[in-house]
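Asks: Show me the folded form of this:
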Amino acid sequence: MTRRAVVLALLLASACAKGPAKTWEGLVAAAGEGNLERFSEGFTEESRGLVTGLAELTTAYGVDKKNPLTLLGEGKVLRDEPAACPANVAFKECAVVTVQQGTRERRVLFVKAGDGWKIDLRALEAFWKDKANQ
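Replies: Predicted structure coming up:
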């Protein structure tokens, strides 16, 4: 492979990579559509069962008469940036997506897991324990 071909392949691979901000946008879109299966793909395997279970319980018990996934909100992405992973989680690569929800900014931790950027509920909980990250 020539040097030019290698550079082109790397550029294409990085352009196709789905970063944490794109994952967030996919979560919001899936929530708006009420697509629980696609929504849950934005979470790590360890978190996916809890997310789907809570959404199903919310629907079954009529806690929210509308689509429970819309509780995520619109969440326009303001920025995403690399971040240190919380010390007590097993992930090596993390990033923070800052989103606008109404008049409030929310910082959401994503971890690099398997096939892309995901939300891991344990890592997110550890991240939010620091008041500066809420």
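
Asks: the longest helix in the chain is where?
Replies: Identified as the longest helix of the chain according to DSSP state H is helix 45-60.

Asks: So for it, what gets flagged as buried?
Replies: Going by neighbour count (16 or more other CB atoms under 10 Å), the buried part of helix 45-60 is 47-48, 51, 55, 59. The C-beta positions use only the backbone N, C-alpha and C, and glycine is treated the same way.

Asks: tell me the pLDDT at Arg107?
Replies: Note on Arg107: pLDDT of 93.

Asks: which SSE is it in?
Replies: For Arg107, the element it lies in under DSSP states H and E is strand 104-113.

Asks: ok, back up a step: just curious, which of the buried residues of helix 45-60 is nearest to Gly75?
Replies: Of all those, the one with the least separation from Gly75 (CB to CB) is Val51, at 15.8 Å.

Asks: give the contact list for the closest one.
Replies: If a contact means CB atoms under 8 Å, 6 or more residues apart in numbering, then Val51 has 39-40, 43, 121 as its contacts.

Asks: Can you tell me which of those has the most neighbours?
Replies: Among the contacts of Val51, Phe39 has the most neighbours (other CB atoms under 10 Å), with 23 neighbours.

Asks: about what we covered before: can you tell me which of the contacts of Val51 end up in strands?
Replies: Using DSSP state E, no member of the contacts of Val51 falls within strands.

Asks: residues contacting the residue nearest to Phe110 when sequence neighbours are not counted?
Replies: Spatial nearest neighbour of Phe110, excluding adjacent residues (CB to CB, 6 or more residues apart in numbering): Pro20 at 3.9 Å. By CB under 8 Å, 6+ apart, the contact set of Pro20 is 80, 95-97, 110, 117.

Asks: Let's see that with 7 Å instead.
Replies: The contact partners of Pro20, by CB atoms under 7 Å, 6 or more residues apart in numbering, come to 80, 95, 97, 110, 117.
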